[in-house]
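Trainee: Fold the stuff below for me.
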Amino acid sequence: AVIRRRYERLAVDDPQLARNVSPADPDDVREWHSAGQLQAIMLRDKAIGVFAVVPGRVGWIDADEINEEVVDTEHAGHGHAASAQRAWAGRPAIHGDRMLVGTVDRLNEVSRRTAERAGRPRVLEDVFLLLP
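Mentor: Prediction:
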């Protein structure tokens, strides 16, 4: 429900970005939960968001990839997503030396700042140009 609500709000707040990003498929969310790859973002005793990390690849980098990360709008902007990324990255490594990576849409400045605050600098930047 938190994922759906956040993307509904995004469609109102930033329709251009909402056209480029979409919520995770509910079947994927269930699978991530079963595999222990989905974590609740907690504030005291209340779940205020979700964070899913799965083995993946960005470019040539084999890594653990953020596949979903949302925080309820009433709790957004307080560093909870960056804290979730830092907490996940601080866990003992299950698969040796892996990196935490994610793809951020060029219009998604909030997620770019979150990644940077979590200690994830830009490494790759794909640029697409329309050809005449």
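Trainee: ok, and for stretch 50-63, which residues are buried?
Mentor: Val50, Phe51, Ala52, Val53, Val58, Ala63 (16 or more other Cβ atoms under 10 Å). Any C-beta I mention is one placed from the backbone N, CA and C, and that applies to glycine too.
Trainee: so what strands line up beside the lowest-mean-pLDDT helix or strand in the chain?
Mentor: Least confident helix or strand of the chain, by mean pLDDT, DSSP states H and E, is strand 100-101 with a mean of 86. The pairing partners recorded for strand 100-101 under DSSP bridges are strand 61-71 (parallel).
Trainee: which one is Val29 nearest to, not counting chain neighbours?
Mentor: Distance criterion Cβ to Cβ, 6 or more residues apart in numbering; nearest residue to Val29, sequence neighbours excluded, is Leu38 at 6.4 Å.
Trainee: Pull the contacting residues for Ala115.
Mentor: Neighbouring residues of Ala115 by Cβ atoms under 8 Å, 6 or more residues apart in numbering: Ala82, Gln85, Gly102, Val104, Pro121, Arg122.
Trainee: In three-state terms, label it for me.
Mentor: helix (DSSP: H, G, I helix; E, B strand; the rest coil).
Trainee: what's the answer for Ala18, then?
Mentor: Applying three-state DSSP: Ala18 is helix.
Trainee: Just give me the neighbour total for it.
Mentor: Ala18 is flanked by 16 other residues according to other Cβ atoms under 10 Å.
Trainee: which residues touch it?
Mentor: Counted by Cβ under 8 Å, 6+ apart, Ala18 has contacts Tyr7, Leu10, Ala11.
Trainee: coming back round to it: kindly indicate the member of the contacts of Ala115 with the most neighbours.
Mentor: Gln85 (23 neighbours).
Trainee: Roughly how far does the closest residue in space to it that isn't next to it in sequence sit from Ser22?
Mentor: Spatial nearest neighbour of Gln85, chain neighbours left out: Ala118 (3.6 Å); criterion: Cβ to Cβ, 6+ apart. Distance of Ala118 to Ser22, computed by Cβ to Cβ, to the nearest Å: 22 Å.
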